[in-house]
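1. 3D, please:
(chains A, B, C and D)
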Protein chains: 2
Amino acid sequence: MGKIDNSRRARKKPTAAKAAGPAAARGARMTDVARLAEVSIMTVSRALRHPAVVDPETLKRIHGAINATGYLPNRIAGSLASQRSNIVGLVVPSLRNSLFAETVKGVADTLGADFDLMIADSGYVLDGEETAVAAFLSQRVCGIVLHNTKHTPRTRGLIQSAGIPCVETGNLVRRPIDMVASFSNRKAAFEMTAFLVGKGYRRIAFVSLPLRDNDRARERQSGYLQALKQFGLPVDRRIVLESTPGLRGGAHALIELMKVRPKIEAVFLTGDVLATGALLEANRNGWLVPDTIAIAGSDDNELQECVSPALTSLRFPRYDIGCTAASMLLNRISGNLPAAHIVDLGFQIIPRQST
Amino acid sequence: MGKIDNSRRARKKPTAAKAAGPAAARGARMTDVARLAEVSIMTVSRALRHPAVVDPETLKRIHGAINATGYLPNRIAGSLASQRSNIVGLVVPSLRNSLFAETVKGVADTLGADFDLMIADSGYVLDGEETAVAAFLSQRVCGIVLHNTKHTPRTRGLIQSAGIPCVETGNLVRRPIDMVASFSNRKAAFEMTAFLVGKGYRRIAFVSLPLRDNDRARERQSGYLQALKQFGLPVDRRIVLESTPGLRGGAHALIELMKVRPKIEAVFLTGDVLATGALLEANRNGWLVPDTIAIAGSDDNELQECVSPALTSLRFPRYDIGCTAASMLLNRISGNLPAAHIVDLGFQIIPRQST
DNA sequence: TTGAAAGCGGTACCAA
DNA sequence: TTGGTACCGCTTTCAA
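-> Down below sits the predicted model:
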C-alpha cells in the first residue's frame, strides 16, 4: 500500500549534484519512515506531533524507522501545510553592540528549543528595519521583536496587517505597534540627573549618542532637560552634546566639555561606553573623579564596576526585557489575548565612587 | 480562467481569529496578484524571479497588482517548491559575547538582503550545538556557520549527510566538517609567547578560559607550552591557569599569580576580557605595568587600547572571518566547488606599553 | 487508533 | 513571452 504512490522516487538532482558535498543524500521523508514502519504517513505525522494518541507499539516502530532512516522533519513543508511557523524574527540596530546581545539572549533562552530565531541588523537605519521586517514577513515568522521604537509607516503597516504579535524593547513607548516591554529612557535620565542634583552638583553636562532616528537618545536628553527645568537649573546648550560612539567618543566629549567656562561639575554620559571612555580619559589627564569632575554613566556592566573610581550608573534589565518580550510573544502565539500591551521593567541607579 | 479554482476562497481562520491582532488579514497570494494583473500565476512568479524574460508592459501590470494587494511572497511555499531555502544558520557559543558578534556581523553583511540569518546559542555545550544544528537542518537552511570546532559525532554526521556547505570559524582545524575560515590559535599563542621572550621576559605565566570543550583555549595553551619548550624555558604548572571569564576572572588570576614564588615577570592572558581585568587589578594594587609585571592580552579591542598602560595584544580578524565564511558559503550555494577548504586569515601582534 | 484525500502557495518543466 | 500541470513534504479534515 502506498508503494505505487512512491514509485516515482527517482528524485531529480539538478545542479545540486555539482554543488553537493561528500554525501548529497536528499534525506528521508516522512513517506520513507511510514513505509519502513508499515503505517500510513499520517500516523508518522501524529507520532511526532501528538504521540499520546498513537498506539505505543506503533510509536516504537515509527521511532525505529526514524532512527533507521535518519529522518529529519521538514519544517518548510510542515509550516506550509499548517500555515504556521516556529520562527521568531528579531531586529536590532547593530549586531555588534553587546547591549542588544543581552536582550537577544533573553529572547533566545525564553523561546527555548521549539522556536528558531532569525536576526537582522537595521544598521541604525529606519529603512533597514523595514527591509528586515519585510523579509521576516516573507518567511512568515510567527512573531517579531524590534529594538527600535521609531519606524517607517510601512513597517508599522506591514506588521499590523500581517496580524502577528510584535514586541518593541528599546523604549517604553506609549503607542506601540502591538506590545512593548522596556523601561522609560526619559525617566531614567531624569532620575540620574536628579540624583546628581541631589549630590549637590549644579552645572551638569549631558552627552548621548546622536539623536537622529534614535528614540532612546532623544528621550534621555529630554529627561535630562526636564530634570534641569524641574530643579530650576539653567540649560547651557554648550554642555549638551551628541557624541560618536565608543570609548573615544566619550573621551573626546569630556575633553570638549572641560574647555567650557564656567567649568562643569559633573557629566552624565548615556549610551554605548561613553561614560567609561570619559572616565579613562579623566584618569589619563589626572582630572580627579569625582572632585574635579563627577561622571555618571548608563547601561551598567562589569567594566563600569571595575574601573577606578567605579562609575555611578544606570542599570537596565536588558536580559529580563528579552525574556519578557519572548513570553509575551509566546502567550499570543498560543492564542491568548495579551495580559498587557505595555510592560515597564524599570531601571535602577547604582551609586558608586565616580559621583 | 482560474476563477473556479479560486472560488473556494473563504479561508478558514482557525484559532487565529482569536489570537490575531488588529487586522487578521491572511495576506494576498500570488493567485490574487495574477487575477488582478490578468495574467497567469506563472507569469507573476517569473516577474518576481526572472523579470528580464517578462514583457515590460506585463511587468508593469503585475507590479501594480502587487502594490494594490500588498502581496508579500511566501518564502515557505517558494522554498518547498524549489527545494532550496535562503536561510543560513549560525551557531555561536554565546549570544552574549561581543567577540562572536563581530563574526556574526561579517556574515550578515556579506550575505546581504537575499539571505536570512538564523542564530542559535550552544551555551558552550557540544550537545547544545547538536540540537541547534538539527533544528537548522529541519528548517532546511542552505548553509551553516559554526564557531566551535569541536563537535559531537552526530553533529558532523548530520551536516555531512545533509550535504550542505558548512564553515567553521573558531580555529584553523586541519580536518573541518567541510570548510574552515579562521586563524591558528596555537600559532597566535606561540607567537605572543615568543614575543614576550624576545622582550627579555623569562618567567611567563599563562591564563586562559577553561579548556573543557573549548578547542580554542586548548590550542592556545598548547602554543604557549610549545614556545616555552622551543626557547628552553621550564614549564611551571603553578603559573598555567584556567580562569573564569570576565574582568574579575582576570583580576583574580593575577592575584593568584602574584603570590607564586619565584615571582613571575610577565603574564599572557588570552580569552574574553581577562587581560583587561588583570591590568585594572594591577593598577588598583599599584603594581607597575610592565615593570613589576608585564601583561599581554588577546582579542584586541578599543578598550585594551584605551586603558593605561595600553595593552599589548593579539588582533584577530573576526569580522573578516565572518565575511570570508559567508563568501565561501555563497560560492558553494551558487554551485561552485570550493576554491579552498581551509582559509587562514592570520592574526597580528599589537605591541603597546604593557609589555 | 488509523488512513485517504485535499490542499498549503509557490516553482519546474514543457508546450503553446 | 506566456500558460498548464504536476508536484515539494507535510497537516488538516473527516471517515473508518
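2. Which residue ranges of the stretch 251-355 of chain A form helices?
-> A:274-285, A:302-306, A:318-333 (DSSP state H, counting those that start in this stretch).
3. try chain A
-> A:16-19, A:30-37, A:41-49, A:56-69, A:75-82, A:98-111, A:126-138, A:153-162, A:185-198, A:215-230, A:246-259, A:274-285, A:302-306, A:318-333 (DSSP state H).
4. closest one to B:Gly143 among the ones you listed?
-> helix A:16-19 (10.7 Å; C-beta to C-beta). All C-beta atoms are positioned from the backbone trio N, CA, C, and that covers glycine.
5. average model confidence for that closest one?
-> For helix A:16-19, mean pLDDT is 32.
6. still on that earlier bit, dump the helices of chain A to JSON lines, plus distance to B:Ile295.
-> Output for the helices of chain A, formatted as JSON lines (distance: least, C-beta to C-beta, whole Å):
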{"stretch": "helix A:16-19", "distance to B:Ile295": "48"}
{"stretch": "helix A:30-37", "distance to B:Ile295": "58"}
{"stretch": "helix A:41-49", "distance to B:Ile295": "55"}
{"stretch": "helix A:56-69", "distance to B:Ile295": "52"}
{"stretch": "helix A:75-82", "distance to B:Ile295": "49"}
{"stretch": "helix A:98-111", "distance to B:Ile295": "23"}
{"stretch": "helix A:126-138", "distance to B:Ile295": "40"}
{"stretch": "helix A:153-162", "distance to B:Ile295": "47"}
{"stretch": "helix A:185-198", "distance to B:Ile295": "34"}
{"stretch": "helix A:215-230", "distance to B:Ile295": "35"}
{"stretch": "helix A:246-259", "distance to B:Ile295": "19"}
{"stretch": "helix A:274-285", "distance to B:Ile295": "16"}
{"stretch": "helix A:302-306", "distance to B:Ile295": "15"}
{"stretch": "helix A:318-333", "distance to B:Ile295": "30"}
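7. possible to save those as a markdown table with distance to DNA strand C?
-> Output for the helices of chain A, formatted as a markdown table (distance: least, C-beta to the nearest atom of the strand, whole Å):
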| stretch | distance to DNA strand C |
| --- | --- |
| helix A:16-19 | 11 |
| helix A:30-37 | 7 |
| helix A:41-49 | 3 |
| helix A:56-69 | 3 |
| helix A:75-82 | 4 |
| helix A:98-111 | 24 |
| helix A:126-138 | 9 |
| helix A:153-162 | 13 |
| helix A:185-198 | 39 |
| helix A:215-230 | 33 |
| helix A:246-259 | 42 |
| helix A:274-285 | 46 |
| helix A:302-306 | 48 |
| helix A:318-333 | 18 |
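8. B:Pro165: which of the ones you listed is closest?
-> Closest among the helices of chain A, using C-beta to C-beta: helix A:16-19, at 7.9 Å.
9. For A:Gly198, the count of nearby residues, please.
-> 11 (other C-beta atoms under 10 Å in any protein chain shown).
10. Local confidence estimate at it?
-> Per the predicted model, pLDDT is 98 at A:Gly198.
11. How about the contacts made by the nearest residue to A:Phe195 once chain neighbours are set aside?
-> Among residues not flanking A:Phe195 along the chain, A:Ile349 sits closest, at 5.5 Å (C-beta to C-beta, 6 or more residues apart in numbering or on different chains). Contacts for A:Ile349 (C-beta atoms under 8 Å, 6 or more residues apart in numbering or on different chains) come out as A:191-192, A:195, A:312-315.
12. Mind doing that once more with 7 Å?
-> Contacts for A:Ile349 were tallied using C-beta atoms under 7 Å, 6 or more residues apart in numbering or on different chains; they are A:191-192, A:195, A:314.
13. cool, A:Glu130 as well?
-> Per C-beta under 7 Å, 6+ apart, neighbours of A:Glu130: A:152, A:154-155.
14. change it to 8 Å
-> A:Glu130 neighbours (C-beta under 8 Å, 6+ apart): A:151-152, A:154-155, A:158.
15. Now, of those, which are buried?
-> Buried subset of these (neighbour count, 16 or more other C-beta atoms under 10 Å in any protein chain shown): A:151, A:155, A:158.
16. How about the contacts made by A:Gly64?
-> A:36-37.
17. related to what we said a few turns ago, same list, the helices of the stretch 251-355 of chain A, but as TSV with mean neighbour count and mean pLDDT please.
-> As requested, those are exported to TSV (neighbours: other C-beta atoms under 10 Å in any protein chain shown; pLDDT from 0 to 100):
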stretch	mean neighbour count	mean pLDDT
helix A:274-285	24	96
helix A:302-306	19	95
helix A:318-333	23	97
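18. who wins for proximity to A:Ala68 among these?
-> helix A:318-333 (33.7 Å).
19. So which elements touch that closest one?
-> Other helices and strands packing on helix A:318-333, by 3 or more C-beta pairs under 8 Å, 6 or more residues apart in numbering or on different chains; DSSP states H and E, are helix A:98-111, strand A:143-146, strand A:166-168, strand A:179-182.
20. For it, output the C-alpha coordinates as PDB.
-> Extracted C-alpha coordinates of helix A:318-333, given in PDB (Å, rounded to 0.1, in the frame of the first residue of the first chain):
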ATOM      1  CA  ARG A 318      18.100  44.100  29.300                       C
ATOM      2  CA  TYR A 319      18.100  40.400  29.800                       C
ATOM      3  CA  ASP A 320      14.700  40.400  31.500                       C
ATOM      4  CA  ILE A 321      13.300  42.600  28.800                       C
ATOM      5  CA  GLY A 322      14.300  39.900  26.300                       C
ATOM      6  CA  CYS A 323      12.700  37.200  28.400                       C
ATOM      7  CA  THR A 324       9.500  39.200  28.900                       C
ATOM      8  CA  ALA A 325       9.300  40.100  25.200                       C
ATOM      9  CA  ALA A 326       9.500  36.400  24.300                       C
ATOM     10  CA  SER A 327       6.900  35.400  26.900                       C
ATOM     11  CA  MET A 328       4.500  38.000  25.600                       C
ATOM     12  CA  LEU A 329       5.000  36.600  22.100                       C
ATOM     13  CA  LEU A 330       4.600  33.100  23.200                       C
ATOM     14  CA  ASN A 331       1.500  33.900  25.100                       C
ATOM     15  CA  ARG A 332      -0.100  35.400  22.000                       C
ATOM     16  CA  ILE A 333       1.100  32.600  19.800                       C
END
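21. For it, what is the distance to the chain centroid?
-> 10 Å (C-alpha atoms, centre = their mean, to the nearest Å).
22. do the same with stretch A:90-107
-> Per C-alpha atoms, centre = their mean, the centroid offset for stretch A:90-107 relative to its chain is 4 Å.
23. Same question for stretch A:211-224.
-> That offset, for stretch A:211-224, works out to 18 Å (C-alpha atoms, centre = their mean).
24. buried set for that stretch?
-> A:213-221, A:223-224.
25. Flag the least confident of those residues.
-> A:Asp213 (84).
26. Nearest spatial neighbour of that residue, chain-adjacent residues omitted?
-> Closest to A:Asp213 by C-beta to C-beta, 6+ apart is A:Leu126, at 5.7 Å.
27. Now do the contacts for that neighbour.
-> By C-beta under 8 Å, 6+ apart, the contact set of A:Leu126 is A:148, A:150-152, A:155, A:213.
28. at 10 Å what do you get?
-> Contacts for A:Leu126 (C-beta atoms under 10 Å, 6 or more residues apart in numbering or on different chains) come out as A:148, A:150-152, A:154-155, A:212-213.
29. This completes my enquiry, with thanks.
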